[in-house]
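Asker: what shape does this take:
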Amino acid sequence: MEFFERHQGGERAVLLHVERRAVDSNEDLFEFRELAHSAGAEVLAESAVNRQTPDPRLFIGKGKAEELAEMVAAHEAELVMVNAQLSPSQERNLEALLKCRVLDRTGLILDIFAQRARSHEGKLQVELAQLNHLATRLVRGWTHLERQRGGSIGLRGPGETQLEMDRRLLGGRIKQLKERIARVRRQRAEGRKGRQQSDVPTVALVGYTNAGKSTLFNALTVAEAFAADQLFATLDTTLRRVEMTPQLTVVFADTVGFIRHLPHELVSAFHSTLEETLEADLLLHVVDAASPERDRQIEDVEAVLEEIGAGKLPMLTVMNKIDRIEDGVVRVDRDASGAPSRVWVSAKTGRGLDALRDALGERVEPSTVTRHLFIPMADGRLYALLQGEGGVVDEAVDERGWDIEVVLPVARWGQLLKKEPALGDMVLDPPAGATPEPFQRVLAERGDHH
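Answerer: Here you go, the predicted structure:
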């Protein structure tokens, strides 16, 4: 049974923009238009109202509601989209007055999410959010029988029977979805556990929707994640493992874009997807550097990160789209400690990507370690052990033993040291600034075998 019927593209719509603070009005209105277009609506007209305190019955005042009804009738609109979160009763009352469907901001974003979800997990999360949103609005299809609900003896009727049946069906489906999402979360947790055990760091791309995260993700990973100039082009988290250098392998995670006033129920519904952000070793905050609202968008993203508990994670900011900035140049900004804090790039043209990779190398701990060891002939067993690990990348041998260079995962090297503590005593430490090869020169400088 379909509980939520998404409106099809091209539906004739009127937009009602609710201004709460004058400083936000132009930016919020532009974003609202983009949401409507992303949903596929044909916007016929717009109306704005300044409302600090919502009217309990209609959200907007009666006079404004009647003016809106005239606009709807004049344009023969099928739908009114309201840039605010309506209560179920406000939505029903507006529909009765306007004689058309009413969709609030949450319902609109859910509709876009439903169009964008591609993975099994994404579709489950969207459906759960839709059903939770719909559960509070179930009565609107039965308003003609509302007087028979919850009533006294003799007033119970088919309306209540149908409502209770729908509620039971909704409740059963919601429970089933939660169980299936819980299984997906366990599978995702196992994947993260495996990456943590192998000490492969995760870099999560976050940012305002349409900042160019997926384009940057594709450029860094040579992947083909969907990227388009529209809000919420990417909904599902995509993971790619990339060998940045012989010493550094990274898992990049492309996550859902954020937006101003992201409804709390959507954050909750997509908790398992956002866990990739929470578990990341480094956040790559992608910013549309060409946007006139970039500072405000940075604040909005940081607010959502705080809300999901990721506000204190290490972060490297990527100022993207310098190709759209006059005299935009590649550069790396550093903090007081000298670490990279901002990198200015163009993911579309590839400018600055090498600088970004270098900055990542500075900010992310290597996933492998390189060690130089001298192993005496008498300890050939340890030499054979390291050869068996496949970590010996260079060696020199004489009658005294083996001078070797070993590259191994951090976790595996630690395990070997616990198993064979003698390996730690065989590590050669070249002088600061010295080239570690050839090994014989290191031995000569030390004056011993050890």
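
Asker: ranges for the strands of this structure?
Answerer: For the chain, the strands defined by DSSP state E cover 12-19, 42-50, 79-82, 101-103, 202-207, 238-245, 248-254, 282-288, 315-320, 331-334, 340-344, 368-376, 392-398, 401-409.

Asker: tabulate these (CSV), appending distance to residue 187, mean pLDDT and mean neighbour count.
Answerer: Backbone N, C-alpha and C define where each C-beta goes, glycine included. As requested, these are arranged in CSV below (distance: least, Cβ to Cβ, whole Å; pLDDT from 0 to 100; neighbours: other Cβ atoms under 10 Å):
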stretch, distance to residue 187, mean pLDDT, mean neighbour count
strand 12-19, 39, 91, 22
strand 42-50, 41, 91, 16
strand 79-82, 37, 94, 24
strand 101-103, 34, 92, 21
strand 202-207, 16, 89, 25
strand 238-245, 13, 81, 16
strand 248-254, 15, 84, 22
strand 282-288, 23, 94, 23
strand 315-320, 28, 96, 22
strand 331-334, 38, 96, 14
strand 340-344, 34, 96, 20
strand 368-376, 27, 86, 19
strand 392-398, 35, 88, 14
strand 401-409, 23, 87, 21
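
Asker: would you turn those strands into JSON lines with distance to residue 130?
Answerer: JSON lines is the format used below for these (distance: least, Cβ to Cβ, whole Å):
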{"stretch": "strand 12-19", "distance to residue 130": "19"}
{"stretch": "strand 42-50", "distance to residue 130": "23"}
{"stretch": "strand 79-82", "distance to residue 130": "17"}
{"stretch": "strand 101-103", "distance to residue 130": "12"}
{"stretch": "strand 202-207", "distance to residue 130": "24"}
{"stretch": "strand 238-245", "distance to residue 130": "23"}
{"stretch": "strand 248-254", "distance to residue 130": "24"}
{"stretch": "strand 282-288", "distance to residue 130": "28"}
{"stretch": "strand 315-320", "distance to residue 130": "32"}
{"stretch": "strand 331-334", "distance to residue 130": "42"}
{"stretch": "strand 340-344", "distance to residue 130": "38"}
{"stretch": "strand 368-376", "distance to residue 130": "45"}
{"stretch": "strand 392-398", "distance to residue 130": "54"}
{"stretch": "strand 401-409", "distance to residue 130": "43"}
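
Asker: and the spatially most central residue of the chain, how close does it get to residue 285?
Answerer: Computing the C-alpha centroid of the chain and ranking residues by Cα atoms, centre = their mean puts residue 255 first, at 2.5 Å. Applying Cβ to Cβ, to the nearest Å, the value for residue 255 to residue 285 is 11 Å.

Asker: give me the common contacts of those two.
Answerer: Common neighbours of residue 255 and residue 285, using Cβ atoms under 8 Å, 6 or more residues apart in numbering, are residue 206.

Asker: how about the helices in the stretch 101-250 of the chain?
Answerer: With helices called from DSSP state H, counting those that start in this stretch, the stretch 101-250 of the chain shows them at 105-116, 120-135, 158-197, 213-221.

Asker: thought residue 345 was touching residue 316?
Answerer: No. Judged on Cβ atoms under 8 Å, residue 345 makes no contact with residue 316 at a distance of 11.4 Å.

Asker: can you list the domain ranges for the protein.
Answerer: Using automatic domain parsing, the domain parsing of the chain gives 12-116, 200-363, 368-446.

Asker: how many neighbours does the residue nearest to residue 290 when sequence neighbours are not counted have?
Answerer: What sits nearest to residue 290 in space, not counting adjacent residues and going by Cβ to Cβ, 6 or more residues apart in numbering, is residue 324, at 3.7 Å. A total of 13 residues lie near residue 324 under the criterion other Cβ atoms under 10 Å.

Asker: what pLDDT does residue 324 get?
Answerer: As predicted, residue 324 sits at a pLDDT of 94.

Asker: again with residue 64
Answerer: So residue 64 comes in at 93 (pLDDT).

Asker: from residue 132, how far off is it?
Answerer: Distance, residue 64 to residue 132, by Cβ to Cβ: 30 Å.

Asker: likewise residue 186?
Answerer: Per Cβ to Cβ, residue 186 is found 21 Å from residue 132.

Asker: who has more neighbours, those two?
Answerer: Using other Cβ under 10 Å, the more surrounded residue of residue 186 and residue 132 is residue 132, with 16 against 11.

Asker: wait, doesn't the more buried one sit right on residue 171?
Answerer: No. Applying Cβ under 8 Å as the test, residue 132 and residue 171 come out as separate, 10.8 Å apart.

Asker: for residue 309, phi and psi?
Answerer: When read as degrees, to the nearest 10, the backbone of residue 309 gives phi 90, psi 20.

Asker: contact partners for it?
Answerer: Listed by Cβ under 8 Å, 6+ apart, the contact set of residue 309 reads residue 278.

Asker: so for residue 91, which of the helices of the stretch 101-250 of the chain sits nearest?
Answerer: Taking Cβ to Cβ, helix 105-116 is the member of the helices of the stretch 101-250 of the chain nearest to residue 91, at 8.4 Å.

Asker: what are the buried residues along the closest one?
Answerer: Neighbour-count burial for helix 105-116, counted by 16 or more other Cβ atoms under 10 Å, picks out 105-114, 116.
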